[in-house]
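K.L.:
Next come a sequence and a model predicted from it.
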Amino acid sequence: MKPLDPRTAPSFPIAASVLVHDQQIRANVRHATDVIQAKRARVVAEMPDWEALREAGKRIREHTMHHLDAYLLQFEENCTRAGGHVHWARTAAEAQSIVVSLAQQFTGTQREVIKIKSMTTEEIHLNRALESAGIRPTETDLAELIIQLGHDQPSHIIVPALHKNRIQIRELFEREMHLPGLGTTPEDLTEAARTHLREKFLRIDTAVSGANFLIAETGGICIVESEGNGRMCLTLPKTLITIAGIDKVLPRFQDLEVMLQTLPRSATGERMNPYNSIWTGTHPTDGPRNFHVILLDNGRTNVLADEVGRQTLHCIRCAACMNVCPVYRQTGGHAYGSVYAGPIGAILTPQLLNLENAQSLPFASSLCGACYEVCPVKINIPEVLVHLRSRIVTNKSSGMARFSPESLGLQLGAWSFRSERRLRLMQRLARIASSVLARKDARGDYWINWLPGMLGNWTRSRDLRAIPSQTFRDWWESEGKNGVKAQHKGDAQ
Amino acid sequence: MRVSLFITCYNDTLFPEALQAVVQLLRRLGHTVEVPPGQTCCGQMHLNSGYHAEALPLLPRFVEQFRNAEVIVVPSSSCVAAMREHYPAMARELEQTGDHPTLAAGLNNLLPRVFEFSEFLTKKLGLTDVGAYYPHRVTYHASCHGLRSLNLGDGPESLLRSVRGIDLVPLDNKDTCCGFGGTFAIKNPDVSAAMLADKTACIRATGAALCTATDTSCLMHIAGGLHRHDAPTQTLHLAQILAATEEDAQ
């Protein structure tokens, strides 16, 4: 399967229309997100200062973004001083070519790299670039391994294989690892993955990683993980190549005090990650001897330039917003056509592409606000969604889209709200249309079960109560203002 | 108190009985009710759909219509949320055009006097028992904007718990969105319908005769799903339950 690419993916409603009917995926996504949500709720509830931590996280990220240029240069200076090499990549293509040339230089005849889960490498389609250059990447995160072996696409940034269940994973491992009769317990499956990966950890000399945080003050890099595969990749190979978005920087080591409390609780519902690795440059007697960091822009400075949208860069990739999102929970991640799915994906993906692609994503939300409520750095996702919708509509307003049924309908609405007289006219017209379309039901009430055009999207799966014969306005004018009590009682409609 | 009602465009057109219940209850509680005649719409649908420019002229109209109000009561949590979230920035934007030199000041003066209906009862008047009688099994759906934008919290349910004769049953996942989301229901019909199916399944499982909420837009969506599948549960705005009395029942 091709990697997720928001530039060519179908629009969200089209992709979602297929996925909402995939009962297996929906059941898997629902089960997994239910489990993670419940764990998160438990460990968040036990924190008396949770709201203060969220506020602190927000302030740290806000401050960082205001001084991003300075902190990135500080990171480069300190990382270089500690023995690392820092590269700057403006685009995905630049980052790919830097990594490929480093891998060619360091893998020698081995032509293989091991990888610790990195959504940034998925963003830039690094695996495909490495394979084209004859270098074989092996994912070592259990979920990423499942995706790679199954030629599948990630559907979640923390639990990329959350759309697969244990039975499906067992079948995949049995086939791809040649393990006939493999059991289905979690122990059976993790043991299979462990054996499969251990040989690679011991043999392969070059690793590619992502990063959770870059620490400007020390030049260090922090990765948190649960399986220990990260620790293997970060310590065993001779060469380590790390790819990080420029948004991953933190000013001070002390800022981890906040982030390492909020991130694990929000992401996996753990108080602390089992493995927390922080490394700074190279050391002559331990760990990788060659250490390279690629700082990736790939559209992030576009996001930074937008006063409302820039808070998107505060994200620390915990995925709490996905787990809680009632839209994501119906479709899973693939409907978003991007490695970044769910509410954060709906605002990050189109901004990274300067709103030239993925224009359906900001509309893929009912604006219920559940994402904002759980975000550990208080990104006001609904605010950004609405802001991006407005930018998209404005961009289209000079073209033919101005004459789409949606646009004409909303312009007509806006026209009618400009005066009470116009509104009354529209109400009369709507009532006439309703009286033509409405049918009497078994209770004797009038309901509409078919509407034309786009409005038919409503009546495909719901009815609409007929418009009453008198508006409130008219009732108020004729009776209400004189103190006449309405005939409607508190009875059921 | 002198209460000015902002009736909202869709309640005016589609749910006059909810507004009539608001009038009835407020009068019963001893307040006078006014309905400024030139009012139209808060602009929520346009704002949330990206039609920001189209929504802008609605703000000066709102401020003009309600300038002299003592309090403004709005029986729609999503409309109040739109006003609180968007109006201050819209006022600044309009002031910069030079056509509305006092708009921001007028709005600042007005916004603290805008209350969602249940919020007016619980927070402004400090009431939970409004003397209602409603002998039916009822379940409550927490509309997203009331819950997360207005922080209504337990307010609406505290009002319901004080209703005499009511059999108030809890709704599973009451704080999960019903899938309406304004134009979302039209633009993303499959996902919206799937969300609605989850919501109506939870409602039907309560065995309630009625589902209530602070927003008739959610209820219009929920009722549409229930009616399509001939479910026995019907929907009613919170005000219609609170307006009911023993006298009505006789």
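P.N.:
Structure's in. What do you need? Numbering: from 1, shown residues only, chains lettered A, B, ... in the order given.
K.L.:
Strands of the chain, start to end?
P.N.:
Assuming you mean chain A. Assigned strands in chain A, in chain order: A:85-89, A:112-115, A:136-139, A:206-209, A:213-215, A:220-225, A:239-245, A:249-250, A:275-280, A:290-296, A:439-440, A:446-448, A:464-465 (criterion: DSSP state E).
K.L.:
should've been chain B
P.N.:
So, for chain B - with DSSP E - the strands run B:2-5, B:32-34, B:71-74, B:114-116, B:137-140, B:167-169, B:210-213, B:234-237.
K.L.:
Give the buried residues for stretch A:162-173.
P.N.:
Residues A:Leu162, A:His163, A:Lys164, A:Asn165, A:Gln168, A:Ile169, A:Arg170, A:Leu172, A:Phe173 are the ones in stretch A:162-173 that count as buried (16 or more other C-beta atoms under 10 Å in any protein chain shown). All C-beta atoms are positioned from the backbone trio N, CA, C, and that covers glycine.
K.L.:
Compare the strands of chain B and report which one is nearest to chain A.
P.N.:
strand B:234-237 (4.2 Å; C-beta to the nearest C-beta).
K.L.:
quick one on the thing from earlier: got JSON lines for the strands of chain A, with mean neighbour count, distance to chain B and mean pLDDT too?
P.N.:
As requested, the strands of chain A are arranged in JSON lines below (neighbours: other C-beta atoms under 10 Å in any protein chain shown; distance: least, C-beta to the nearest C-beta, whole Å; pLDDT from 0 to 100):
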{"stretch": "strand A:85-89", "mean neighbour count": "18", "distance to chain B": "33", "mean pLDDT": "98"}
{"stretch": "strand A:112-115", "mean neighbour count": "24", "distance to chain B": "33", "mean pLDDT": "98"}
{"stretch": "strand A:136-139", "mean neighbour count": "20", "distance to chain B": "30", "mean pLDDT": "98"}
{"stretch": "strand A:206-209", "mean neighbour count": "26", "distance to chain B": "35", "mean pLDDT": "98"}
{"stretch": "strand A:213-215", "mean neighbour count": "25", "distance to chain B": "29", "mean pLDDT": "98"}
{"stretch": "strand A:220-225", "mean neighbour count": "23", "distance to chain B": "29", "mean pLDDT": "97"}
{"stretch": "strand A:239-245", "mean neighbour count": "25", "distance to chain B": "27", "mean pLDDT": "98"}
{"stretch": "strand A:249-250", "mean neighbour count": "24", "distance to chain B": "29", "mean pLDDT": "98"}
{"stretch": "strand A:275-280", "mean neighbour count": "18", "distance to chain B": "33", "mean pLDDT": "97"}
{"stretch": "strand A:290-296", "mean neighbour count": "23", "distance to chain B": "30", "mean pLDDT": "98"}
{"stretch": "strand A:439-440", "mean neighbour count": "11", "distance to chain B": "11", "mean pLDDT": "97"}
{"stretch": "strand A:446-448", "mean neighbour count": "19", "distance to chain B": "6", "mean pLDDT": "98"}
{"stretch": "strand A:464-465", "mean neighbour count": "22", "distance to chain B": "6", "mean pLDDT": "96"}
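K.L.:
Minimum distance to B:Gly165: which of these has it?
P.N.:
For the strands of chain A, proximity to B:Gly165 was assessed by C-beta to C-beta; strand A:464-465 is nearest, at 26.3 Å.
K.L.:
related to what we said a few turns ago, next, format the strands of chain B as a markdown table and append mean neighbour count.
P.N.:
Shown next, in a markdown table, are the strands of chain B (neighbours: other C-beta atoms under 10 Å in any protein chain shown):
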| stretch | mean neighbour count |
| --- | --- |
| strand B:2-5 | 20 |
| strand B:32-34 | 16 |
| strand B:71-74 | 23 |
| strand B:114-116 | 25 |
| strand B:137-140 | 21 |
| strand B:167-169 | 15 |
| strand B:210-213 | 25 |
| strand B:234-237 | 24 |
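K.L.:
can I get those in JSON lines with distance to chain A and mean pLDDT?
P.N.:
Conversion of the strands of chain B to JSON lines gives the following (distance: least, C-beta to the nearest C-beta, whole Å; pLDDT from 0 to 100):
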{"stretch": "strand B:2-5", "distance to chain A": "9", "mean pLDDT": "98"}
{"stretch": "strand B:32-34", "distance to chain A": "8", "mean pLDDT": "97"}
{"stretch": "strand B:71-74", "distance to chain A": "13", "mean pLDDT": "98"}
{"stretch": "strand B:114-116", "distance to chain A": "15", "mean pLDDT": "98"}
{"stretch": "strand B:137-140", "distance to chain A": "10", "mean pLDDT": "98"}
{"stretch": "strand B:167-169", "distance to chain A": "14", "mean pLDDT": "98"}
{"stretch": "strand B:210-213", "distance to chain A": "6", "mean pLDDT": "98"}
{"stretch": "strand B:234-237", "distance to chain A": "4", "mean pLDDT": "98"}
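K.L.:
Using a markdown table, lay out the ones you listed together with distance to B:Leu47.
P.N.:
What follows is the strands of chain B, written out as a markdown table (distance: least, C-beta to C-beta, whole Å):
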| stretch | distance to B:Leu47 |
| --- | --- |
| strand B:2-5 | 21 |
| strand B:32-34 | 26 |
| strand B:71-74 | 15 |
| strand B:114-116 | 16 |
| strand B:137-140 | 27 |
| strand B:167-169 | 34 |
| strand B:210-213 | 21 |
| strand B:234-237 | 23 |
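K.L.:
Buried by neighbour count: which residues of stretch A:415-424 qualify?
P.N.:
Result for stretch A:415-424 [16+ other C-beta under 10 Å]: buried residues A:Ser416, A:Phe417, A:Glu420, A:Leu423, A:Arg424.
K.L.:
Identify all contacting residues around it.
P.N.:
A:425-426, A:471, A:473, B:9, B:37-41, B:43, B:57-58, B:61 (C-beta atoms under 8 Å, 6 or more residues apart in numbering or on different chains).
K.L.:
quick check: longest helix of the chain.
P.N.:
As the question left the chain open, I've gone with chain A. helix A:23-45 (DSSP state H).
K.L.:
other chain: chain B
P.N.:
Per DSSP H, chain B has its longest helix at helix B:77-96.
K.L.:
I'd like to know which of the contacts of stretch A:415-424 is nearest to A:Pro405.
P.N.:
Nearest to A:Pro405 among the contacts of stretch A:415-424, with distances taken as C-beta to C-beta, is A:Met426, at 16.5 Å.
K.L.:
Could you tell me which ranges of chain A sit under the pLDDT cut-off?
P.N.:
Scanning chain A for pLDDT under 70 picks out A:487-493.
K.L.:
Once you drop chain neighbours, what's closest to residue 136?
P.N.:
All of this refers to chain A. Closest residue to A:Arg136 apart from its sequence neighbours, by C-beta to C-beta, 6 or more residues apart in numbering or on different chains: A:Glu112 at 4.7 Å.
K.L.:
that's the wrong chain, I meant chain B
P.N.:
B:Ala209 (4.9 Å).
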